[in-house]
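Novice: got a sequence here, can you model it:
(chains A and B)
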Amino acid sequence: MTRETIRGRRPGEVLGRLALHAATTVTLAYIVLPLVLVVWLSFMADEIMTVPPEGYSLRWYAVAWGQAQLRDGFLTSLWVALAATALGLLITVPASFALARARFIGREALLQLLMSPLIVPGIVIGASIYVFLVQAEIATGLPLSGSSWGLVVAHLLLTVPWCVRLVTANLVGVNRSVEEAALSLGASPLVTALTVTLPMIWPGLVAAAVFGFVVSFGNIEVSLFLVAPGQITLPIAILQYLQWKIDPTIAAVSVVQIALIGLALVATSRITNLGKVV
Amino acid sequence: MAGVRIDGLAKRYEAVTAVEGVSLDVRDGEFLVLLGPSGCGKTTTLRMVAGFVAPSAGRVEIGARDVTHEPPYRRNIGLVFQNYALFPHLSVEENVAFGLRRRGVPEAAIRTRVAAALARVKLDGFGARLPRALSGGQQQRVAIARAIVIEPDVLLLDEPLSNLDAQLRHDVRAELRLLQTELGITTIMVTHDQDEAMSVGDRLVVMARGRVQQVGTPADIYRRPRNRFVASFIGRANFFAGRAEAGGFVTASGLRLPAPDLPPGADTLMIRPEAVTLVAQGAEGLPATIETATYLGAGWEVDLRLSTGERLSVVTPAGDRAWQPGQALAARIDPALGVGLHGDV
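Specialist: Down below sits the predicted model:
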């Protein structure tokens, strides 16, 4: 921008623009700064964070991978999140068809029910499921509490609301004429759903899967009561590690986690237009 | 190939009746057009034939088969929508092949038939493209190819040209009519555009408020509209209130108009704007003054005020004369072209 154009504007306008830039910068910094600091910390050579650091190294990544607790936590979180996402989609896609297409009594109630895990505090969900599993274990004699399936079931409550929201919103946006064209050409409703509707909303399905995965992978409060020795999720493993030691190992783990989720989001936005789908 | 028989079809919703007592016989190979203003029930009727709306009463037969309770996918219909409704994730070829695949047609036959259908709509060479890479007119041609390739018993067209711009609409409409004639396929089209309806339809069905107002050839309906609604919806019309008398019609103001063949009891006389000839002042005719005159190239649109007070809209060929507001002249009404109507339907 040249001086002339700046001088040509009213002072209030210039001030307004400056205020906007300042607010944007502060907000952005507020969001990005913790991420930057964590990444920075993970490469510091010192055991205790010092600024400026005495040197840089990758040793904390090696240390992190060497910690069985963290490594297993990562793998547990990964499979729990994948299972909860897959099951969540399996449940919510048919449910979303009903919600988006059919008009039936209790439709609104069903939608609210599927969305309700969002408004119940995670710690309450975790505790309730734990109590339920213990009671069920006493009643049936099956080893339920502390099984990893209990964890998956609990995480299902995290993925379902996201999947319902995204899949329903995408289904509502589908041009019904296209489905009707398929029906007129001899496709049954099921064939129409599989060959026409689902391919049309697949960006929404991908987005639902990514969001479900991210929410499940990073969750701590629902998992808190449900983990057992040998199957601790990554966030809880980090929490436990922090209870007796503070060093950049956790920063390294976090960077791996951030990178993983970031990659998933970038990949999603490459194949779909996330801004449009969500 | 098959005709379509619609018998006493009705669709009633809680508060409104969308369609009531519609009975139509569409002959094998006929091009029938359902025409009317929005909300007249034409689309609901078409959707009942297609099977997307369950009738409250009545029957639909395609061929000799009662399909009233059959779902759309067992009716063997070809459907073309206003918004094309192509499968966005499938190539043009796969769009056209869709219905054949559902019917288990062998792969080799699918290829041949898809190619033939695309050639028929002049889209050879476009098979590999995705629908969004095509223009609106091309997309609608793909939709037509997709509908005819399955050799449906009846082709249903729901405002197929409304999304196209004027020139294209004209072209696609001519192609559509040609295609329909060549294939001899029974066709029902819905439109609100009377020019479109007149240009393609063997017969028109004029609908209003859920009911059929008149069924007939375009010429029939234009020249002998059954009621005031049909007369004003198809083309323009002048209406005079009054009563029929021997060999003529007397308007409320006492003006006597020649009209030989009026049905007894007619209380309205309808005169088309082109049934009036403008002649010089003093010549035989009704004395009148020009209120507005609009030059339209091929002709003039002239609004007259008769000396008895009535207004009369006239369309007259351009010729050498120029017409001006305020000009006094005489209007001569062709007595054979007046139509007597009953009641204010």
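Novice: which secondary structure elements does the strand or helix carrying A:V26 contact?
Specialist: Per DSSP states H and E, A:V26 falls inside helix A:11-42. Other elements packing on helix A:11-42 under the criterion 3 or more CB pairs under 8 Å, 6 or more residues apart in numbering or on different chains; DSSP states H and E are helix A:249-271. Where you see a C-beta, it was placed from the backbone N, CA and C, and this is true even at glycine.
Novice: then stretch A:161-181 to CSV, C-alphas only?
Specialist: Output of stretch A:161-181 as CSV, limited to C-alpha atoms (Å, rounded to 0.1, in the frame of the first residue of the first chain):
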residue,chain,number,x,y,z
PRO,A,161,-22.7,-37.3,17.9
TRP,A,162,-20.1,-36.1,15.4
CYS,A,163,-21.0,-38.7,12.8
VAL,A,164,-24.7,-38.1,13.2
ARG,A,165,-24.4,-34.3,12.8
LEU,A,166,-22.1,-34.5,9.8
VAL,A,167,-23.8,-37.4,8.0
THR,A,168,-27.3,-36.0,8.5
ALA,A,169,-26.3,-32.5,7.4
ASN,A,170,-24.8,-34.0,4.2
LEU,A,171,-27.8,-36.2,3.5
VAL,A,172,-30.1,-33.3,3.8
GLY,A,173,-28.0,-31.5,1.2
VAL,A,174,-28.4,-34.3,-1.3
ASN,A,175,-30.6,-33.5,-4.3
ARG,A,176,-33.5,-35.9,-4.0
SER,A,177,-34.1,-35.8,-7.7
VAL,A,178,-30.8,-37.7,-8.2
GLU,A,179,-32.0,-40.5,-5.9
GLU,A,180,-35.4,-40.5,-7.7
ALA,A,181,-33.6,-40.8,-11.0
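Novice: ok, that stretch near chain B or not?
Specialist: Yes: using CB under 8 Å from any CB of the partner chain, stretch A:161-181 reaches chain B at A:175, A:177-178, A:180-181.
Novice: in helices, which of the residues you listed fall?
Specialist: Using DSSP state H, the members of the residues of stretch A:161-181 next to chain B that fall in helices are A:177-178, A:180-181.
Novice: which of those has the most neighbours?
Specialist: A:A181 (28 neighbours; other CB atoms under 10 Å in any protein chain shown).
Novice: grab the nearest non-local neighbour of it.
Specialist: Here the nearest residue to A:A181 in space, its sequence neighbours aside, is B:A85; by CB to CB, 6 or more residues apart in numbering or on different chains that works out to 4.4 Å.
Novice: report the secondary structure state of that neighbour.
Specialist: coil (DSSP: H, G, I helix; E, B strand; the rest coil).
Novice: number of nearby residues for it?
Specialist: Number of residues near B:A85 (other CB under 10 Å) recorded here: 25.
Novice: what residue of chain B is the furthest out?
Specialist: B:G282 (41.4 Å; CA atoms, centre = their mean).
Novice: show the pLDDT at that one.
Specialist: As predicted, B:G282 sits at a pLDDT of 84.
Novice: pull out the buried residues from the helix holding A:V26.
Specialist: Within helix A:11-42, the residues that qualify as buried are A:38, A:40-42, counting by 16 or more other CB atoms under 10 Å in any protein chain shown.
Novice: who does the helix or strand that it is followed by touch, helix- and strand-wise?
Specialist: Sequence order places helix A:59-66 as the next helix or strand after helix A:11-42, per DSSP H and E. Counting contacts by 3+ CB pairs under 8 Å, 6+ apart, helix A:59-66 is packed against helix A:68-101, helix A:249-271.
Novice: those: lowest mean pLDDT?
Specialist: Mean pLDDT is lowest for helix A:249-271 out of those, coming in at a mean of 84.
Novice: can you pull out the residues in contact with it?
Specialist: A:35, A:38-39, A:41-42, A:60-61, A:63-64, A:67, A:70, A:74, A:203, A:206-207, A:210, A:213-214, A:217-218, A:234, A:238, A:241-242, A:274-275 (CB atoms under 8 Å, 6 or more residues apart in numbering or on different chains).
Novice: can you pull the buried residues of that helix?
Specialist: For helix A:249-271, by 16+ other CB under 10 Å, it's A:249-257, A:260, A:264, A:268-269.
Novice: what's the answer for stretch B:49-65, then?
Specialist: Buried residues in stretch B:49-65 (16+ other CB under 10 Å): B:49-53, B:55, B:58, B:60-63.
Novice: ok, now stretch B:326-342?
Specialist: Buried, per 16+ other CB under 10 Å, within stretch B:326-342: B:327, B:329-331, B:333, B:335, B:338-341.
Novice: before we move on, what about stretch B:22-40?
Specialist: Quick answer for stretch B:22-40 (16+ other CB under 10 Å): B:22, B:24, B:26, B:29-36, B:40.
Novice: got the CA positions of it in PDB?
Specialist: C-alpha atoms of stretch B:22-40 as PDB (Å, rounded to 0.1, in the frame of the first residue of the first chain):
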ATOM      1  CA  VAL B  22     -57.900 -36.700 -12.900                       C
ATOM      2  CA  SER B  23     -58.700 -39.200 -15.600                       C
ATOM      3  CA  LEU B  24     -56.600 -39.400 -18.800                       C
ATOM      4  CA  ASP B  25     -55.900 -41.800 -21.600                       C
ATOM      5  CA  VAL B  26     -52.500 -41.400 -23.100                       C
ATOM      6  CA  ARG B  27     -52.300 -43.300 -26.300                       C
ATOM      7  CA  ASP B  28     -49.400 -45.400 -27.300                       C
ATOM      8  CA  GLY B  29     -46.700 -43.200 -28.700                       C
ATOM      9  CA  GLU B  30     -48.500 -40.000 -27.900                       C
ATOM     10  CA  PHE B  31     -46.800 -36.800 -26.500                       C
ATOM     11  CA  LEU B  32     -49.100 -35.500 -23.800                       C
ATOM     12  CA  VAL B  33     -48.400 -32.200 -22.000                       C
ATOM     13  CA  LEU B  34     -49.700 -31.400 -18.600                       C
ATOM     14  CA  LEU B  35     -50.000 -27.600 -18.500                       C
ATOM     15  CA  GLY B  36     -51.000 -25.200 -15.800                       C
ATOM     16  CA  PRO B  37     -49.800 -22.500 -13.400                       C
ATOM     17  CA  SER B  38     -47.700 -23.600 -10.400                       C
ATOM     18  CA  GLY B  39     -49.800 -25.400  -7.800                       C
ATOM     19  CA  CYS B  40     -52.300 -26.700 -10.300                       C
END
